[in-house]
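A.B. asks: okay, here's the prediction I keep looking at, along with the sequence it came from:
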Amino acid sequence: MNIDDNSSFEDPLLENVAQYGPHLPEAFLKIIPHPKSVNQELLIIPLIGNSATPTKDDAAPYVPQPQERPWAPFRTLEDFEVTEIAVASLMSKNVVNKFLSGVTGKWSDGKSPVTLKKFSDMDAALFNARKYVVQFKCDEVFAKFKGQVYNFKFHYRDPWEYISSLASDESLTSVHMWNSVKKYYCEGDFEEQIFDEPNTAESWWNIDSELPDQDPYPHCYVPLHFWLDKGMVTRHVKKYPMVVRAAWLPRNIRNASGNGGGLLLGYMPIVLDPGDPDERDSKESVEYAHFKRIIYQKVASKVFSSLRRRSHSGEAMQCGDGVNRVLHPGILINSLDGEEANCFCACRASSKANYPCPKCLVHKDQLYNVTGSFEARTSDSMRSVILRASQASTKTEKEKILQAFGLHDIQHFLWDFRFSDPYAASSYDTLHSDDLGKWGKHMWELLLAVLEASGKKGELTRNMALFPRWSNLKHFSNVSTTTFGDGQAFYDILKCILPCIVQLLPKNSIFIKCIRTYQRYRLMIGLTCISERRLQRLSEIVERYQDEFLKLCKTYDKNPNFPKQHAVNHVIAEIRAKGTTDNYGTRVGEGFQQESSQAYNQTNGKNAEDQMVKIDEKQEAIAKIRMAIDNDVAARSKIAAEAGITSGDFEDNSLSIAAQSAWAAPNNVDGQSPLWKLGSPEKPINSRALNAEMSGFDESSMKDFDERLRDFVSSCLPDEAIQYEDPILIRLYKCASVKYQSRENWTESQNILRCSPHFHGKERYDCILSESDNALQFSRLKALIRCKLPSGRLVDVALVHKFNSHGKWKPNTIWDGCKVLEEDKCSSFLLMDEVVRGALLAPAFGSNNKVLHYPVDTTDGDMFLRAGN
């Protein structure tokens, strides 16, 4: 096994594998804890069945206990519930008064259990409830610009209080990741390291190696994810919400809105420009940028001040599992767009600096070189630059030193923190760097310009409007005339674009080749689990992307030097250091922009942030009380179940068991629970009556239907011995959900497939991928059928049109992985057991042949990998 230099633990832990003896699964994940972890047990996760499930889980699940008044400080449950409705519905003061007047008055004839009479009663209860959550504080900072002193007031929450509340939360006990691990994919004698969560990556592992040994309490790193981005709360008002997340909690928890999710830390003050930017010279622009960064640093320093000492010495506390630990906080991840990243790192504006990257010292003329090697910024190296600049004998010499490193003369507040390098924490962002950047702002705009110049932009719009619909993929009716501000829209366009433009561009187009390579790059960096082999493949794609993008820029006279292009240079190192990109992209924080907008709309616009933070406290308190009530209900239900009071005692048994189960879902042919579920059923009919009873089927699909169905079932299930005179009842369905184990991360995924002549007024017959001797066999669903055989056995089959290779027609440019398939005019049957997952096939626009299609391998990470990328 190939482990880095910190592998002195390798032999003793590998001996633990022997406990599994010859029973090791054929394929499994192996998780090795850091040597300083209290729990030194190796974890084996078999990759069998439909998802990755650990063989053992030492952490006992949280078992809620009944509480006497989980709705406290509200007097009654009903008081809480009407308040919950009012807060969730964003009711104004006047609306709340009318609402309470009706609830406690004429709507209930004065018999309502609600004791709240007016808005002030509700507000008083909410004021007391806010004490259950981390509350905001108020502070201010001062800075001088052009001889005038400016002050900025701001509200913030103490991040240490947030850390303490999560660490002591009993309901999160089983999910805390207190130490780093090494994770490996193993199959037979082969194994390779994989990266997903931040605790599987190198930075956390190296920090754990620096922590003190147990003395007597274990020392644990508690890394934070800090997010900051500007957003418009109205058409004219801008806010800068700051959000913090617990990077030691699993991403499905920390990136969600429930318990353990992100916390609004406060709002960064907006530094209004006291002058006219157009009237400044370059020196004055640098002075204003310096002033703005001073404010950022002073605010952030106060917000995170409670962590400074604790990052060095740690602080002991009893955690939710009863174990005493010494917690060392730090900022591992910063999710910031380019402008905010430069402000946070006190670097010079990327559009004007000679060294515009907040992570390294790449010169502005080398931004195109995404495979180059450039000196990394570190806290120590940048501190030494500031020290050298302070010792300069003249202002000119000082400015020359700062300019050579793209810095402002600012002492970064994180230089005094341990385990919190601001430059290493600055992270790759797929939203701004890719979807809104390299693709949305650069390649997409260039493509539209090229098509417009050739008079073919309208054809792109028509092709995209005809592109087949797919779950979680936006459909575009006017793609070339709509202005998109949503990064996800650009990403969805990228996934669909090649079939729509390949015949609109010249033969062997560098544009098609470059977009295809970029598609692969974007899909690869978006994977939620990346192995060493995938990183190697990504490295090859990056090299190819650089070469093709430079050719594209030369062909269309475009400047390849821009900061978001350079970001590619860091992505592989970022994955190794902090895990996959979904851990640190800014997309996960975009929901807070909507919450900020909703909160602002409830204010009167004056001192809005003071009102907005109180609204957030109320919402947090309501969510916490709701969780306590739900836990109480769960606890009481468990006690009732153990006492023999089951929900079955209250069920309506008016239907006979036979009637309920006559058409229940069957097992698969091996007798196991199926991985599919059929929905939207039609009435049962005899198989011989299908042609006469049903409409919407073409003649070729239904020719000799009954005879072919009997032959198919007899060949698949010879034990059934179906005779010609035996009736077969069938039931048609219009949709199916198909579960499968994703090759991206070995967890369970699902496709919803449609098979209907009238789905929202339009015909829709989705496609599937089925098993076929290790090859990708695509087929179009024409009917989903549940057969009731003479023996009473139920069997699910699909009537399909298969796609076969087409060797005659070829597109103008054959991109990597391009396949042209022809849809068979004749139908055939297959067992639903053979369906692997859903698939998307796009028409071969411009081929003048409706049966020709391209398989689309960019719908998701699993399909991308199955297609051999």
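C.D. replies: Received the coordinates, thanks.

A.B. asks: mind checking how far Asp429 is from Lys438?
C.D. replies: The spacing between Asp429 and Lys438, counted by CB to CB, to the nearest Å, is 11 Å. Where you see a C-beta, it was placed from the backbone N, CA and C, and this is true even at glycine.

A.B. asks: more neighbours: which of these two?
C.D. replies: Taking neighbours as other CB atoms under 10 Å, Asp429 and Lys438 compare with Asp429 leading, 27 against 22.

A.B. asks: and the residue nearest in space to the middle of the chain, which of the three is it?
C.D. replies: Residue closest to the average C-alpha location in the chain (CA atoms, centre = their mean): Asp582, at 5.5 Å. At Asp582 the chain is in helix, as set by DSSP: H, G, I helix; E, B strand; the rest coil.

A.B. asks: what sits closest to it if chain neighbours are left out?
C.D. replies: Nearest-residue entry for Asp582: Thr528, 5.6 Å, with adjacent residues in sequence omitted and distances by CB to CB, 6 or more residues apart in numbering.

A.B. asks: picking that back up, spit out the contact partners of the residue nearest to the centre of the chain.
C.D. replies: If a contact means CB atoms under 8 Å, 6 or more residues apart in numbering, then Asp582 has Arg251, Asn255, Gly526, Thr528, Val588 as its contacts.

A.B. asks: with Lys364 instead?
C.D. replies: For Lys364, the contact set (CB under 8 Å, 6+ apart) comprises Ala353, Asn354, Tyr355, Pro356, Asn561.

A.B. asks: Glu397 versus the third one, what's the distance?
C.D. replies: For Tyr355, the distance to Glu397 (CB to CB) stands at 18 Å.

A.B. asks: comparing these two, which residue is more hemmed in?
C.D. replies: In this view Tyr355 and Glu397 are compared by other CB under 10 Å, and Tyr355 has more residues nearby, 22 against 13.

A.B. asks: pretty sure the more buried one sits against Gly406.
C.D. replies: Yes. Applying CB atoms under 8 Å as the test, Tyr355 and Gly406 come out as touching, 3.3 Å apart.

A.B. asks: returning to what we had before: name the nearest of the contacts of Asp582 relative to Leu77.
C.D. replies: Distance to Leu77, by CB to CB, is smallest for Asn255 among the contacts of Asp582, at 30.8 Å.

A.B. asks: let me see the contact set for the closest one.
C.D. replies: Going by CB under 8 Å, 6+ apart, Asn255 touches Arg245, Gly261, Gly262, Asp582, Val588.

A.B. asks: which one among those sits at the bottom for pLDDT?
C.D. replies: Summarising pLDDT for these: the lowest-scoring member is Val588, with 85.

A.B. asks: quick one: buried ones out of the contacts of Lys364?
C.D. replies: Buried members of these, counted by 16 or more other CB atoms under 10 Å: Ala353, Tyr355, Pro356.

A.B. asks: circling back: separation between the residue nearest to Asp582 and Asp862?
C.D. replies: Thr528 sits 11 Å away from Asp862, going by CB to CB.

A.B. asks: which residues of this structure score low on pLDDT?
C.D. replies: Residues of the chain meeting the criterion pLDDT under 70: 1-22, 49-63, 350-351, 644-662, 668-672, 691-700.

A.B. asks: and if we set it to 80?
C.D. replies: 1-23, 48-66, 110, 275-282, 349-352, 591, 640-673, 690-702, 771-775, 807 (pLDDT under 80).

A.B. asks: give me the three-state assignment for the residue in it sticking out farthest from the centre.
C.D. replies: Distance from the C-alpha centroid of the chain peaks at Glu725, with 55.0 Å (CA atoms, centre = their mean). Here Glu725 is recorded as coil under three-state DSSP.

A.B. asks: swap in Asn179?
C.D. replies: What three-state DSSP gives for Asn179 is coil.

A.B. asks: give me the number of residues near Pro506?
C.D. replies: Neighbour tally, Pro506, other CB under 10 Å: 11.

A.B. asks: now do the longest helix that the chain contains: distance to the chain's middle.
C.D. replies: Assignment by DSSP state H gives helix 608-642 as the longest helix of the chain. Averaged C-alpha coordinates place helix 608-642 at 25 Å from its chain's average position (CA atoms, centre = their mean, to the nearest Å).
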